[in-house]
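[1] could you work out the structure for the sequence below:
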Amino acid sequence: MGAVRAGNDLDQPLRRLEAVLQNATASVFLMNDRQHCIYMNPAAEQLTGFTLDEVLAADQPLHDIIHHLHPDGTPFPMHDCAIDRAFPDHAKTQGEEVFVHKDGSFYPVAFTASPIHDDTSSTIGTIIEVRNIAAEKQREQDLRRAIEEKKVLLQEVNHRVKNSLQLVASLLALQEQSTVSPELKQSLQEASSRVGVIASLHNRLYQTQDYDSVDVCEYLLELGREAMISAAKDGVRFHFSGDARRKLPISDAVSLALIVSELILNAVKHAFREGNGTLELRICETDDCLTIEVIDDGCGLPAGFAMTKSKTLGMKIIRALSRQLRADVSFRNAEPGTAWRIAVPTSR
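    Residues are numbered from 1 along each chain as shown. As a prediction, this is how the structure comes out:
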């Protein structure tokens, strides 16, 4: 490349300004103190459909040429126009408006109107930058439509899932009624309770419009109350304490809810054989761990009980789901009763 020639035209401020305005993609209008347009760049001509010569020949405020009507066809007085208030208010204004094209069509724009001052700080005109936002508005409209369609779809999915869960629960109930074996009846009741846990979580997610996560404290409190109702032991009191504000993804929430439900139902069924006592659910969190405790003051676990060796379905479920959550599940003698602790690492 050759050396830059001294005295290049771009060294002149007016030449540089003209080059910028002529090639800018944003539409620029220069207004005088009568709100008449005395300059518009090529982008502005393309935006409005009017040439600068046509606007100059009209000899009227630019507002009366490109902004004189509302989209519904009613007149739009200039004194109501936020763009034109920049001059009398001596202040920059920004916002969105709808312009009228030369062909009579309407189109949305985003604008910035800034007053121009002379050496004495008097306002002598306005410079207006305008951008056509029709494509953005169309995308917003498409997004709103997609969201509405998603809501309708989710409503339909919710309806079908609820029906499916009700059908499963009904089938389990029918099977239980026709079964004479006490062991099988108990198994069917437990299966029905597990279906109820999933149904409850699904219903909460739908009600809160939060389709991918659930508030731990709120849900486990509700779960505990429902579990106590399903256990139908009036003599067992239920206490809850929790200060966690964490939300869990739906997949983790389902696993955790099933573990807590198993522990609550096991305590009600085995720890309170006399029918009286207190069951407590505690929840707390740190930066890297969510801890849930299920504590009863019942008769305690059998001597020599080992969680890893238990062959009951409930313990198998707890072991499997705790591995899925990478959670540590442990228990201790609460003297009286038993305290179960679930520690879920939140840094997973």
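
[2] just checking, M31 touches T126?
    Yes. With contact defined as Cβ atoms under 8 Å, M31 and T126 form a contacting pair (4.2 Å). Any C-beta I mention is one placed from the backbone N, CA and C, and that applies to glycine too.

[3] who touches both of the two?
    Contact with both M31 and T126 is made by residues F87, according to Cβ atoms under 8 Å, 6 or more residues apart in numbering.

[4] let me see the ranges of the helices in the stretch 151-300 of the chain.
    Remark: helices assigned in the stretch 151-300 of the chain by DSSP state H, counting those that start in this stretch are 182-208, 216-231, 250-266.

[5] how far off centre is the longest one?
    Right, helix 182-208. Relative to its chain's centre, helix 182-208 lies at 28 Å (Cα atoms, centre = their mean, to the nearest Å).

[6] do stretch 78-93 as well
    Offset of stretch 78-93 from its chain centre (Cα atoms, centre = their mean): 37 Å.

[7] and for stretch 281-288?
    24 Å.

[8] okay, buried residues for that stretch please.
    Neighbour-count burial for stretch 281-288, counted by 16 or more other Cβ atoms under 10 Å, picks out L281, R282, I283, E285.

[9] relative to M78, which of those residues is nearest.
    In terms of Cβ to Cβ, no member of the buried residues of stretch 281-288 lies closer to M78 than E285, at 59.0 Å.

[10] skip the chain neighbours and tell me the closest residue to that closest one.
    A244 (4.2 Å; Cβ to Cβ, 6 or more residues apart in numbering).

[11] look up how far A257 lies from the one you found.
    To A257, A244 is 14 Å away according to Cβ to Cβ, to the nearest Å.

[12] who's more crowded, the two?
    Shown here are A244 and A257; by other Cβ atoms under 10 Å, A257 has more neighbours (25 against 19).

[13] pretty sure that one sits against L220.
    Yes. Counting by Cβ under 8 Å, A257 does reach L220; the two are 7.1 Å apart.

[14] how distant is stretch 48-63 from the center of its chain?
    So, by Cα atoms, centre = their mean, the centroid of stretch 48-63 is 46 Å from its chain's centroid.

[15] and it, what's buried?
    Using 16+ other Cβ under 10 Å as the burial criterion, the residues of stretch 48-63 that qualify are T48, F50, L52, V55, P61, L62, H63.

[16] what is F106 paired to in the beta sheet?
    Beta-bridge pairing for F106 (DSSP bridges): V100.

[17] A helix includes V109, no?
    No. Using DSSP: H, G, I helix; E, B strand; the rest coil, the assignment for V109 is strand, not a helix.

[18] follow-up on the earlier one: narrow the buried residues of stretch 281-288 to those in strands?
    Among the buried residues of stretch 281-288, the residues falling in strands (DSSP state E) are L281, R282, I283, E285.

[19] show the contacting residues for the second one.
    Read that as R282. Residues in contact with R282, defined by Cβ under 8 Å, 6+ apart, are F240, S241, G242, T291, I292, E293, I295.

[20] drop anything exposed from those residues.
    Using 16+ other Cβ under 10 Å, the buried members of the contacts of R282 are G242, T291, I292, E293, I295.

[21] before we move on, the earlier item: correct me, but the residue nearest to E285 touches L290?
    Yes. Between A244 and L290 there is a contact under Cβ under 8 Å: 6.3 Å.

[22] re the thing from before, make CSV from the ones in strands among the buried residues of stretch 281-288 and add distance to L171 and pLDDT to it.
    Shown next, in CSV, are these (distance: Cβ to Cβ, whole Å; pLDDT from 0 to 100):
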residue, distance to L171, pLDDT
L281, 30, 91
R282, 36, 91
I283, 34, 91
E285, 38, 87
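
[23] just flag the most distant two among the residues you listed.
    For those, the farthest-apart pair by Cβ to Cβ is L281 and E285; their separation is 14.3 Å.

[24] same for the host helix or strand of Q46, what does it pack against?
    According to DSSP states H and E, Q46 maps onto helix 42-48. Helices and strands touching helix 42-48, as assessed by 3 or more Cβ pairs under 8 Å, 6 or more residues apart in numbering; DSSP states H and E, comprise strand 27-31, strand 123-132.

[25] what is the shortest one packed up against?
    Counting contacts by 3+ Cβ pairs under 8 Å, 6+ apart, strand 27-31 is packed against strand 37-40, helix 42-48, strand 123-132.

[26] mind listing residues that contact it?
    With contact meaning Cβ under 8 Å, 6+ apart, strand 27-31 is reached by 21, 37-41, 43-44, 46-48, 62, 87, 116, 125-132.

[27] over to stretch 78-85?
    With contact meaning Cβ under 8 Å, 6+ apart, stretch 78-85 is reached by Q35, P61, H63, D64, H67, T93, G95, E97, F111, A113, T126, I128.

[28] try 7 Å
    If you take Cβ atoms under 7 Å, 6 or more residues apart in numbering as the criterion, stretch 78-85 is touched by Q35, P61, H63, D64, H67, T93, G95, E97, F111, A113, I128.

[29] do stretch 114-131 as well
    By Cβ under 7 Å, 6+ apart, stretch 114-131 touches 26-33, 47, 83, 86-87, 90-92, 109-113.

[30] just the buried residues from those, in ChimeraX please.
    To isolate the buried ones among the contacts of stretch 114-131 in ChimeraX, judged by 16+ other Cβ under 10 Å, type:
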select :27,28,29,30,31,47,83,86,87,109,111,112,113
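
[31] and the next helix or strand past the stretch of helix or strand A320 belongs to?
    Element membership for A320, per DSSP H and E: helix 313-325. Sequence-wise, the next helix or strand downstream of helix 313-325 (DSSP H and E) is strand 328-333.
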